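Colleague: make a model of this:
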Amino acid sequence: MVRIPESTMKSLLYATTVLATPLIAAPVPLLKTAATVNGKMISTREVQQQLAPTIGMLMAKYPRRGEQFQKALTEARREVLDQLIEHKLVLSKLEEKQLQIPDHIVKQEIERFIRINFKGSQEDFRKYLKAIRMTRREFEKSQQEKILVQSFKREQFKDVAPATDAEIRKRFNERAGDLRDRTKDRITFRKIYIPAIDQTNPIATQEDQLALAEKLAVQVKGEADFASIAQAHSSGAFADKGGLWEDTLRSDLEVGFADIIFEAAEGAILGPLKDRIGFTIVKIVKINQGPLPALDTEMRERMRTEVEIKKRSGRYAEWIKMLKRTAIIRRNA
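Modeller: Numbers count the residues shown, from 1 in each chain. Predicted structure coming up:
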């Protein structure tokens, strides 16, 4: 099954909330070359399409898009380009074998992709394609290539040692937190919300509002009482209660916002974070994670599969290194 990894999916969904932001919407030259692999081009557009979800998350974390933003973006772009180079290397080998994936398999996988990642919503899927500036035909082609590579990987590197009971248990202990029932995650936090447009002060610009949010963030990260600052300045819900959101379900929060605050430690102060309509400062009070899964028969089989996939991935990585030694790779970005 072709499925967006959980961490990527979080960023992807949040990226759709900032579609109007120039950084994502800016035109990308179609034929500009980011790299070539044995004469095959990787365009800057391909890189930008893969980067779109990460850009959405980085824009939320770094409203001013300063040095930290640029450093994180550069690293993310490097990782994406590395992945695309590996992808082209594998596809070159598969072309020699003249392997193909039938169209009906691709269509089935895309339907499953939409069902899993967008709860079957074609409209949300179209918004996603718009966010990454990709046509449906381009998406179908990219998915066909991914299925082809994954199928080859499974077949070529299937001969690995079976997972032992100790390996299964170790993998489960590493993954249990990620596999918990996140719908039951709860959090208590305080929030200061500064709208990008202040309806009570029409002359205040978005820059003024961001500057105010930054000023308040400095205060609450210092000695100022968060609740008092929220009562005085926040335009968000529960401002009269010091911005206190008590025992709130993850599912009741916007996806990208929830992902950011649930990853923080208790007592941490985050922000200002940017969304479509304003800036938010958050203080984490308490996090109660959802229940961990049981290591039952089904989970044991899932962990067995993951262990063996990891073993195959190790052999695959060695194979990629070998391909790179004989390939002609030129990077322009």
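
Colleague: helices along the protein, start to end?
Modeller: For the chain, applying DSSP state H gives helices covering 6-15, 22-25, 44-61, 67-97, 103-118, 122-131, 136-156, 165-175, 206-221, 226-233, 255-262, 297-326.

Colleague: turn those helices into JSON lines, columns for mean pLDDT.
Modeller: Conversion of the helices of the chain to JSON lines gives the following (pLDDT from 0 to 100):
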{"stretch": "helix 6-15", "mean pLDDT": "45"}
{"stretch": "helix 22-25", "mean pLDDT": "38"}
{"stretch": "helix 44-61", "mean pLDDT": "84"}
{"stretch": "helix 67-97", "mean pLDDT": "87"}
{"stretch": "helix 103-118", "mean pLDDT": "83"}
{"stretch": "helix 122-131", "mean pLDDT": "86"}
{"stretch": "helix 136-156", "mean pLDDT": "80"}
{"stretch": "helix 165-175", "mean pLDDT": "95"}
{"stretch": "helix 206-221", "mean pLDDT": "95"}
{"stretch": "helix 226-233", "mean pLDDT": "96"}
{"stretch": "helix 255-262", "mean pLDDT": "88"}
{"stretch": "helix 297-326", "mean pLDDT": "88"}
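
Colleague: which one of the ones you listed lies closest to Ile192?
Modeller: Of all the helices of the chain, it is helix 226-233 that lies closest to Ile192, at 4.8 Å by CB to CB. C-beta here means a position set from N, CA and C on the backbone, and glycine is covered the same way.

Colleague: list the buried residues for that closest one?
Modeller: In terms of neighbour count (16 or more other CB atoms under 10 Å), helix 226-233 has its buried residues at 226-227, 229-231, 233.

Colleague: next, the angle helix 206-221 makes with that helix.
Modeller: Orientation check (axes from the mean of the first three to the mean of the last three CA atoms, to 10 degrees): helix 226-233 against helix 206-221 gives 150 degrees.

Colleague: and helix 226-233, what does it pack against?
Modeller: Packing partners of helix 226-233 (3 or more CB pairs under 8 Å, 6 or more residues apart in numbering; DSSP states H and E): strand 186-195, helix 206-221.

Colleague: hey, which of the ones you listed is tucked in deepest?
Modeller: Mean neighbours per residue, mean count of other CB atoms under 10 Å, is largest over the helices and strands packed on helix 226-233 for strand 186-195, with a mean of 22.

Colleague: that strand pairs with which strands, parallel or anti?
Modeller: Using DSSP bridges, the strands paired with strand 186-195 are strand 244-249 (antiparallel), strand 278-288 (antiparallel).

Colleague: any chance of the ones you listed in a markdown table, plus mean neighbour count?
Modeller: Supplementary listing: these in a markdown table, determined by neighbours: other CB atoms under 10 Å:
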| stretch | mean neighbour count |
| --- | --- |
| strand 244-249 | 15 |
| strand 278-288 | 20 |
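
Colleague: Gly222: which of the ones you listed is closest?
Modeller: Closest to Gly222 of those, according to CB to CB: strand 278-288, at 12.6 Å.

Colleague: run the angle between that closest one and helix 255-262 for me.
Modeller: Interaxial angle, strand 278-288 versus helix 255-262 (the same axes, to 10 degrees): 50 degrees.

Colleague: off-centre distance for strand 278-288?
Modeller: 20 Å (CA atoms, centre = their mean, to the nearest Å).

Colleague: tell me the angle that strand makes with helix 44-61.
Modeller: Counting by the same axes, to 10 degrees, strand 278-288 lies at 70 degrees to helix 44-61.

Colleague: can you list contacts of strand 278-288?
Modeller: The contact list for strand 278-288 (CB atoms under 8 Å, 6 or more residues apart in numbering) reads 63, 185-196, 209-210, 213, 216-217, 220, 226, 235-236, 244, 247, 257, 261-262, 264-274.
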